[in-house]
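> Return atomic coordinates for the entry below.
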Amino acid sequence: MIKKPILPKFVASFFAIALFTLASQSASATTIVILNNDQPNVGFNDPTAVSPVGNNTGTTLGQQRLNTFQFAANIWGATLNSSVTITIGASWSTTLTCSASSGTLGSTFPGNPLRDFPNAPKTGVWYTPSLANSLSGTDLNGNTPEMTMSFNANLGTANCLSGTHFYLGLDNNHGSDLDLVSVLIHEFSHGFGFQTYTNGNTGIRTGGFPTNYDFFLLDDSTGKTWDAMTDAERQTSAKNNLNLAWNGPLVTSLVPSILGTPRLHINAPSSVAGNYTVGTADFGPLLTPSGATGNIVYASPTDGCNSLTNSGAISGRIALVDRGNCNFDIKVQNAQNAGAIGVVIGNVINQNNSDPTAIINMTSVTTSIATTILIPTVSISVNDGNTLKAQLSNGLNGTELVDTTVPGGADTSGRALIYAPATFASGSSISHWDVSEFPNQLMEPNITGDLKHSVAQPLDLTISQLRDIGWSANPIGDVPFFVRQQYLDFLNRQPDSSGFAFWTSDIFNCGIDQGCAEVHRINGSAAFFLSIEFQDTGNLVYKMWKAGFGKVSGTPVAVRRTNFLRDSQTIQNSPNQIIVGQGNWQANLEANKQAFALSFVQRAGFPNQSDGPSFVNNLFANAGVTPTSAEQTAAINAFNGAGGGNAGRAAALRNVCDSASVSNALRNEAFVLMQYFGYLQRDPDAQTPADYSGFQFWLDKLNSFNGNFIAAEMVKAFLASTEYRARFGNP
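From the prediction side, this is the model:
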């Protein structure tokens, strides 16, 4: 990745003029107010006309700047829990140090620390004002902002990092510019407590007291945490490179599922099998633990700079492409257009690289191209490239993945490393994750181009760090976390990159409109139930249970959650894993449904009439449906056409379940039941008292609105429920 310049932290600055405030919407768990400290006609009040960009609808430079701040505030407001409003004083400056090659992007002061307040978890310990207020439930610092920051208004001009600008769009399509939203999310995190008030350069504590952050800084060389060290020990620890770790329990528990090492694992032939060191790209989807696996085929042309002429060989495989002659994103786009499922860029010896073992990290140049990339990309060295090219005719097969058994940026005990370079870096040392973390984390000392506007797992450790130090927080407010959870709860799988990008963008496209974002969360979540993938897997399973066995005794539903999960996962994954839109999914789905139906009709207690009419009538009766004559005839014909027996019963069952009469009659009850199975992870009667009153309430309401879940506010209610939110953290 290209490492971007980042802001020096904790430089005190305060401006007294408050001309405008903008609060996060009520949908947020915390109200965050951006306090505009700029004078008229500058900074947030700059009237320069600009065109809307990347979901930022502001038409003046000042309004676009304010919108980016609000967007970042909304991200944090949706995840942190605090009854006390957080105020962030902000301004834009033309006096921050800057030159053509380097400069200060901005400065942040997290607020004067507070200790020994009501409900403080520890006595004699400093806390940032925003956390102290949240813990105490009162505004301890009065009218003083909880943090204050100033940003460089000259960025991108001839004498201030010429050519590098703040990207003010909200869609993360920043290209080679600095994504201001990512920078802001990072900066706010320091104000919330991702920092220490202890002087890392000298080891001296502010006022002689430790910061709550210090209790989680563990020096692997001494086995001591910073709160138990002397000043001299802390001074040494601050420069103990790769030996200072975070020992907070929540972060540590998530390290194995978030951090890893990027790999190209060669599966065949055995002569070259094993792990290969790779560089990664700041465009396209992140590498996953399951990875992308396929035969590796050399692109033609080999540099991939034009449309590939061997698309027949590339389609469904991993393309090997040589570096050089055009930008990386163009190469990957051409391979993707040819049907590749991944790309390996082979390094070359040229005037800029004479090391045959070197690997490169890749960045996009053209935003319009980078945003279309949906396949993973890695790079390998010249030597490794030559090794693999020699095996192309021998069934070369590989997997691009992140190896979570070797968490990148963790110590030998699996704890995330804190940035503590041998040369102390003022404003960066101690108060960031180490730069060795992979994938890149929001709170590393350098802002990278591959950050995803997320503060939660499985992409980021930040919210877990804040929870370690005492914040009440819930990751379900984080958009990427929320979208991923819908895949897990309703499709029983990890998200595919294209679908994940679509649904996260669908919510983020609302910009700062929180009402719009709430609607898109609700509709997006409901879409998983309504999707082809769920309707032909989970919902089909429900209809089969109802048609085959009727209602579970003493309940108004056809299946218990344990049985439903087992069967929906089977039809989703056996004999093929189904991802709608990928590969030959229609044929694979049909094969899965045939295999499942054939097995299902052989279960104990399933209707086993040997004549078609009796069998079909039994199924419709169990479903509680009176079919049309055409539906009844079609099901009987399916039974007879398959030759009767188990094959005939399976064919007739499929036909009955696919009929409009059964689908329409069972739609609402299945929809309501899935709210319990998916959102609440339980049967409707798994409560006290153990009854189906809640289920019946929502079914009656949905029926009264003719299945309109929006008008019935059903999905909205489940998503907002304390029980749902409590699954992920403090509700």
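> Tell me the spacing between the nearest residue to T462 once chain neighbours are set aside and A595.
Nearest non-adjacent residue to T462, counting by C-beta to C-beta, 6 or more residues apart in numbering: V455, 4.4 Å away. Heads up, the C-betas are built off the backbone N, CA and C, glycines and all. The spacing between V455 and A595, counted by C-beta to C-beta, to the nearest Å, is 42 Å.
> Please say which of the two ends up with more neighbours.
Shown here are V455 and A595; by other C-beta atoms under 10 Å, V455 has more neighbours (33 against 16).
> which ones are touching the more buried one?
V455 makes contact with I75, W76, T79, I185, S189, L442, T462, I463, P475, D478, according to C-beta atoms under 8 Å, 6 or more residues apart in numbering.
> now do Q64
Q64 sits in contact with V50, V53, N56, G58, L168, where contact means C-beta under 8 Å, 6+ apart.
> how close does it get to P52?
Taking C-beta to C-beta, one finds Q64 at 8 Å from P52.
> Now the common contact residues for those two.
Listed as contacting both Q64 and P52 by C-beta under 8 Å, 6+ apart are G58.
> any idea which element S134 lies in?
helix 129-136 (DSSP states H and E).
> taking the mean pLDDT, what do you get for that helix?
For helix 129-136, mean pLDDT rounds to 98.
> before we move on, what about stretch 200-214?
Average pLDDT, stretch 200-214: 97.
> Tell me which residues are up against it.
Contacts of stretch 200-214 (C-beta under 8 Å, 6+ apart): 113, 115, 121-122, 124-127, 131, 193-199, 225-227, 229-238, 424, 426, 429-431, 469-470.
> what's the answer for stretch 674-681, then?
Stretch 674-681 is contacted from outside by 489-490, 529, 538-539, 561, 564-565, 682-684, 695, 698, 714-715, 718-719, 721, 723-724, 727, using C-beta under 8 Å, 6+ apart.
> Can you list which of these are found in strands?
Among these, no residue falls in strands (DSSP state E).
> Most neighbours out of the contacts of Q64, which is it?
That'd be N56 among these, by other C-beta under 10 Å, with 26 neighbours.
> got the contact list for it?
So N56 contacts Q64, N67, T68, F71, L168, G169, L170, G511 (C-beta under 8 Å, 6+ apart).
> Could you check how far the fifth one is from F502?
L168 sits 24 Å away from F502, taking C-beta to C-beta as the criterion.
> picking up where we left off before, the contacts of stretch 200-214 in helices, which ones?
When DSSP state H defines the helices, the subset of the contacts of stretch 200-214 inside them is L131, D231, A232, E233, R234, Q235, T236, S237.
> Quick one: neighbours of the closest residue to G169 other than its chain neighbours, just the number.
Nearest non-adjacent residue to G169, counting by C-beta to C-beta, 6+ apart: G54, 2.0 Å away. G54: 21 surrounding residues under other C-beta under 10 Å.
> My guess is G54 contacts D179. True?
No. Counting by C-beta atoms under 8 Å, G54 does not reach D179; the two are 9.6 Å apart.
> who touches both of these two?
By C-beta under 8 Å, 6+ apart, the residues touching both G54 and D179 are Y167, N172.
> need the helices for the stretch 51-200 of the chain, in chain order.
61-77, 129-136, 180-192 (DSSP state H, counting those that start in this stretch).
> Tabulate the CA atom coordinates of the longest one in PDB.
The reference is to helix 61-77. Coordinates of each C-alpha in helix 61-77 appear next as PDB, following Å, rounded to 0.1, in the frame of the first residue of the first chain:
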ATOM      1  CA  LEU A  61     -16.500  23.800  -0.200                       C
ATOM      2  CA  GLY A  62     -17.500  24.700   3.400                       C
ATOM      3  CA  GLN A  63     -20.600  22.600   3.400                       C
ATOM      4  CA  GLN A  64     -18.800  19.600   1.900                       C
ATOM      5  CA  ARG A  65     -16.200  19.800   4.600                       C
ATOM      6  CA  LEU A  66     -18.900  19.900   7.300                       C
ATOM      7  CA  ASN A  67     -20.700  17.000   5.600                       C
ATOM      8  CA  THR A  68     -17.600  14.800   5.800                       C
ATOM      9  CA  PHE A  69     -17.300  15.600   9.500                       C
ATOM     10  CA  GLN A  70     -20.900  14.700  10.100                       C
ATOM     11  CA  PHE A  71     -20.600  11.500   8.100                       C
ATOM     12  CA  ALA A  72     -17.700  10.400  10.300                       C
ATOM     13  CA  ALA A  73     -19.600  11.500  13.400                       C
ATOM     14  CA  ASN A  74     -22.600   9.300  12.300                       C
ATOM     15  CA  ILE A  75     -20.400   6.300  12.000                       C
ATOM     16  CA  TRP A  76     -19.200   6.600  15.500                       C
ATOM     17  CA  GLY A  77     -22.500   7.800  16.800                       C
END
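> Not counting stretch 410-429 itself, show me its contacts.
6-11, 200-201, 217-218, 220, 237-247, 251-252, 255-256, 259, 407, 409, 430-437, 444-445, 461.
> Tell me how many other residues crowd the nearest residue to L401 once chain neighbours are set aside.
Leaving aside its chain neighbours, L401 sits nearest to G291 (2.9 Å; criterion: C-beta to C-beta, 6+ apart). Neighbourhood size, G291 [other C-beta under 10 Å]: 18.
> shift numbering so it begins at 48
Understood, numbering begins at 48; the last thing we discussed is G338.
> what residues are up against G338?
Each residue near G338 by C-beta under 8 Å, 6+ apart is listed here: H312, P423, T446, E447, L448, V449.
> For N342, see how far away the third one is.
Pointing back at T446 there. 11 Å.
> Who has more neighbours out of these two?
Shown here are T446 and N342; by other C-beta under 10 Å, T446 has more neighbours (19 against 16).
> Let me see the mean pLDDT of the helix or strand harbouring that one.
Using DSSP H and E, T446 sits in strand 444-450. Mean per-residue pLDDT for strand 444-450: 94.
> Check the closest residue in space to N180 that isn't next to it in sequence and give its pLDDT.
Using C-beta to C-beta, 6+ apart and skipping residues adjacent in sequence, the residue nearest N180 is V131, 4.1 Å away. Note on V131: pLDDT of 97.
> any idea how far V131 is from N372?
Counting by C-beta to C-beta, the gap from V131 to N372 is 57 Å.
> more crowded one of the two?
V131 (20 against 14).
> domain parsing for the protein?
Under the assignment automatic domain parsing, the domains of the chain span 77-239, 253-304+455-520, 308-450, 581-754.
> among the helices of the stretch 98-247 of the chain, which is nearest T602?
helix 108-124 (40.4 Å; C-beta to C-beta).
> right, and the secondary structure at the closest residue to Y534 other than its chain neighbours would be what?
In space, and not counting its chain neighbours, Y534 is closest to P542: 4.3 Å by C-beta to C-beta, 6+ apart. Each residue gets one of three states, and P542 gets coil by DSSP: H, G, I helix; E, B strand; the rest coil.
> Look up how far L513 lies from the closest residue to N188 other than its chain neighbours.
Using C-beta to C-beta, 6+ apart and skipping residues adjacent in sequence, the residue nearest N188 is P176, 4.7 Å away. Plainly put, P176 is 14 Å away from L513 if you go by C-beta to C-beta.
> now S657
In terms of C-beta to C-beta, S657 sits 65 Å off from L513.
> Next: N664.
Distance of N664 to L513, given as C-beta to C-beta: 61 Å.
> more neighbours, those two?
Legend: neighbour count by other C-beta under 10 Å for N664 and L513, higher for L513 (24 against 17).
> so where does the more buried one fall, helix or strand?
L513 belongs to helix 509-515, assigned by DSSP H and E.
> Now the element after that helix, going C-ward?
strand 519-520.
> Give the partner strands of that next one in its sheet and their orientations.
The strands beside strand 519-520 in its sheet (DSSP bridges) come out as strand 127-128 (antiparallel).
> Quick one: mean pLDDT over the partner strand.
For strand 127-128, the per-residue pLDDT averages 96.
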